[in-house]
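Trainee: Need a 3D model of the sequence below.
(chains A and B, ligands or ions: 1)
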Amino acid sequence: MTSTLPTGASSPGTAAARAGYTIVDTDIHPSAQAADIRARLSGAHRERWEMFGGRVPNPPEFYPRVRNAGFRLDSWPEAGGIPGSDLGTTQAQLLDEFGIDHGVLIPLQGHTFGAEEPRYSAALCGALNGWLAEEWLTPEPRLRSSIAIPTESPDLAAEEIARRADDPRFVQVLLPTGGETGFGSRRYWPIYRAAVEAGLPVAAHTGGIEQHRGAGWPSFYLEEHVWNGNVMAALVTNLLCEGVFEEFPSLQVICVEGGIVWAAPLMWALDEAWPRLRIDVPHLRKPPSEYLREHLWFTTQPIEEPDDPRHLTTALEHVGMTDRIMFASDYPHWDFDSPRLAPRLFPSDAREQIMGANACRLYGLPARATEGTR
Amino acid sequence: MKIVVSRLDEFPPGERRIVQAGRRSIGVFRVGDRFYAINNHCPHMGGPLCLGRTKPWVSSAGPGEYAMAEEEALVACPWHGWEYDLETGQSFLGPGEPRARTYTVSVEPRVEEGTVAADQVSAPEPGAKGGRRPGPYVTETYPVHVEDAYVVVETSPHPAAKPGTVGGAS
Ligand code: FES
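Mentor: Just a heads-up that it's a prediction; the model follows:
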């Protein structure tokens, strides 16, 4: 009858009350332990891992310090290890608890692994992807994953994408929002070419070696925490203006954890100025908003939350892309959105699309079977 | 329904216990010689409230000056950090929004098994406290009795409440 802390239990009381629609969570964070990576490295890379680790600190070591190390306090696995390192905890607290049909893993370690020196970077990303395939995707068929890539070595990134392309459980290529230079730059184009050839979208998740910067290095977590939409908007504008969408007409880019409604005023501004500045960007052959509407997708956590929820509905109407917005919980991070309660934030006529149907369409996932056919 | 939580001597100050009452999960906290019981379900987004950190009340006379109450009587949700008064279930984030339902708490002195509680005392109404404006949420709290040497939570609807104290028992 009684128990002592920590119980390791997730939301108390009831088992998942299954919603009447398909639920796809498009932003779930797994974290490999040092030993998981070490076991998949060989020779000099293993020695380097043991002696130096990585050149970029992982959360919560970087500044500004994140709240509660970035995690839900109840997400530390009972058996030890960091949040997101244990499949069983993620199954219990997320997939089972909320009746999630499909989940997409986003291993944020790829953001820092991807910026190491080229060969080491490729080895770390390969180890991370191997760990995901063996320890998460094989035992848990509800999960899919992103491919972590050596971002700053695009030729090697293309090799890693091609290597995983035949495994249908890897459904997208992971990109940070901050790199050594703008991701529209031609030097990164081998990544987009490989993604298109593999038929995979690219998911840009906030963070990376630049973290959420954009106006210098912030002193405060609040500043960084609310800044991610601005960084995402800068990334999107850079991809557009450098001509990535013109070069790769079938490329799909998912803006993960960067908010959504900023896209409307960005499209207004671009479309307003473009006719007068066409000579500056002759490679853009149609209004900028058309490119963005054809190439972008968004995930919901952290969707903007005005005091009056009608204002969000209005803002989303301005964006006009509810067929390209996908639910995300951001588990196990502290700003987690509950799949049970977050849908109340979304416009009711788009709720089922956002909670699952849009993601099923993008990733080719099956919708939930109805009771009769189960 | 009455739930026996623990023997009193096995429930030292500063600890907490999570108990299950049907489909409901309740956290019982011992702060010094006082007991509090609060619903283990955060009204904000359903987080497991009672797995959060407890905190003392803080008051401030001006910038740079603050005083912390000696005992911890707030619990912060392990998800987004909304803080709830352990006594009343009142949260103090997001003032001005409608508030959720409240429960009351009562104290029973030492009683024989099977007897009914003695002096019931009115609970403090959830509301402003320490100059803070109440937020939209009030999570459920429950009466905690100390019967003989056992800590007991009462989950049936109750008209009046107050945190249980050790003083009522052996
Ligand atoms: S669920 Fe408790 S603060 Fe959000």
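Trainee: which residue packs closest to A:Leu312, ignoring adjacent ones?
Mentor: A:Pro306 (5.6 Å; C-beta to C-beta, 6 or more residues apart in numbering or on different chains). C-beta here means a position set from N, CA and C on the backbone, and glycine is covered the same way.
Trainee: can you give me phi and psi for that neighbour?
Mentor: Main-chain dihedrals, A:Pro306, degrees, to the nearest 10: phi -70, psi 160.
Trainee: quick one: contacts of the longest strand belonging to chain B?
Mentor: Using DSSP state E, we find that the single longest strand of chain B is strand B:65-76. Contacts to strand B:65-76, defined as C-beta atoms under 8 Å, 6 or more residues apart in numbering or on different chains, come from residues B:14, B:27, B:29, B:31-32, B:34, B:36, B:38, B:49-50, B:52-60, B:82-87.
Trainee: neighbouring strands for it, and are they parallel or not?
Mentor: Sheet partners assigned to strand B:65-76 using DSSP bridges are listed as strand B:53-62 (antiparallel), strand B:83-85 (antiparallel).
Trainee: SS state for A:Gly80?
Mentor: Of the three states, A:Gly80 takes coil under DSSP: H, G, I helix; E, B strand; the rest coil.
Trainee: burial measure for it, as a count.
Mentor: A:Gly80: 9 surrounding residues under other C-beta atoms under 10 Å in any protein chain shown.
Trainee: Look up how far the ligand lies from it.
Mentor: Using C-beta to the nearest ligand atom, to the nearest Å, A:Gly80 is found at 25 Å from the ligand.
Trainee: Over to A:Gly207?
Mentor: Look at A:Gly207 and the ligand: by C-beta to the nearest ligand atom, they are 23 Å apart.
Trainee: Are we agreed that that residue is in a strand?
Mentor: Yes. Looking at A:Gly207 with three-state DSSP, it is inside a strand.
Trainee: tell me the pLDDT at it?
Mentor: On the pLDDT scale, A:Gly207 is placed at 89.
Trainee: what about it, distance to A:Phe62?
Mentor: For A:Gly207, the distance to A:Phe62 equals 10 Å [C-beta to C-beta, to the nearest Å].
Trainee: Same check on A:Gly103?
Mentor: Note on A:Gly103: its distance to A:Phe62, by C-beta to C-beta, is 26 Å.
Trainee: Compare the two (neighbour count), which wins?
Mentor: Counted by other C-beta under 10 Å, A:Gly103 and A:Phe62 do not tie: A:Gly103 has more neighbours, with 28 against 15.
Trainee: pretty sure that one belongs to a strand, no?
Mentor: Yes. Counting by three-state DSSP, A:Gly103 is found in a strand.
Trainee: Surely it is in contact with A:Leu94?
Mentor: Yes. Under the criterion of C-beta atoms under 8 Å, A:Gly103 makes contact with A:Leu94 at 7.1 Å.
Trainee: Report the set of residues contacting both of these two.
Mentor: Taking C-beta under 8 Å, 6+ apart as the criterion, A:Gly103 and A:Leu94 both touch A:Asp25, A:Ile28.
Trainee: State the phi and psi torsions of A:Phe71.
Mentor: The phi/psi pair for A:Phe71 (degrees, to the nearest 10) is phi -120, psi 150.
Trainee: got it, and A:Ala264?
Mentor: Per-residue torsions, A:Ala264: phi -70, psi -60 (degrees, to the nearest 10).
Trainee: element containing the residue nearest to it when sequence neighbours are not counted, please.
Mentor: Using C-beta to C-beta, 6+ apart and skipping the chain neighbours, the partner closest in space to A:Ala264 is A:His318 (3.7 Å). Here A:His318, judged by DSSP states H and E, is contained in helix A:309-319.
Trainee: Which neighbours in the sheet does the helix or strand just after that helix have, and how are they oriented?
Mentor: Next along the chain after helix A:309-319, taking DSSP H and E as the criterion, comes strand A:325-326. Using DSSP bridges, the strands paired with strand A:325-326 are strand A:296-299 (parallel).
Trainee: Restrict the partner strand to CA atoms and write it as CSV.
Mentor: Below are the C-alpha coordinates for strand A:296-299, written out as CSV (Å, rounded to 0.1, in the frame of the first residue of the first chain):
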residue,chain,number,x,y,z
LEU,A,296,8.6,23.0,-44.1
TRP,A,297,7.0,21.0,-41.4
PHE,A,298,6.7,21.9,-37.7
THR,A,299,6.5,20.1,-34.4
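Trainee: what does it rub up against?
Mentor: The contact list for strand A:296-299 (C-beta under 8 Å, 6+ apart) reads A:26-27, A:201, A:236, A:252-258, A:260, A:263, A:321, A:324-328, A:358, A:362.
Trainee: The residue of the stretch 251-374 of chain A found nearest the ligand - nearest residue in space that isn't next to it in sequence?
Mentor: Nearest residue of the stretch 251-374 of chain A to the ligand, counting by C-beta to the nearest ligand atom: A:Ser338, 7.0 Å away. Take A:Ser338 and drop its neighbours on the chain: the residue closest to it by C-beta to C-beta, 6+ apart is B:Met45, 4.4 Å away.
Trainee: could you give the mean pLDDT of stretch A:357-374?
Mentor: The model assigns stretch A:357-374 a mean pLDDT of 83.
Trainee: so how far is that stretch from its chain's centroid?
Mentor: 21 Å (C-alpha atoms, centre = their mean, to the nearest Å).
Trainee: Can I get that stretch as CSV, trimmed to CA atoms?
Mentor: Taking Å, rounded to 0.1, in the frame of the first residue of the first chain, the C-alpha atoms of stretch A:357-374 are listed here in CSV:
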residue,chain,number,x,y,z
ALA,A,357,-2.4,12.0,-39.1
ASN,A,358,0.2,14.5,-40.4
ALA,A,359,3.1,12.5,-39.1
CYS,A,360,1.7,9.2,-40.5
ARG,A,361,1.6,10.9,-43.9
LEU,A,362,5.1,12.3,-43.7
TYR,A,363,6.8,9.2,-42.3
GLY,A,364,4.6,6.6,-44.0
LEU,A,365,3.4,5.2,-40.7
PRO,A,366,0.1,3.2,-40.4
ALA,A,367,-2.8,4.9,-38.7
ARG,A,368,-4.2,3.2,-35.6
ALA,A,369,-6.4,0.3,-36.4
THR,A,370,-10.0,0.8,-35.4
GLU,A,371,-11.5,-1.4,-32.7
GLY,A,372,-13.2,-3.8,-35.2
THR,A,373,-10.0,-4.6,-37.1
ARG,A,374,-7.7,-4.9,-34.1
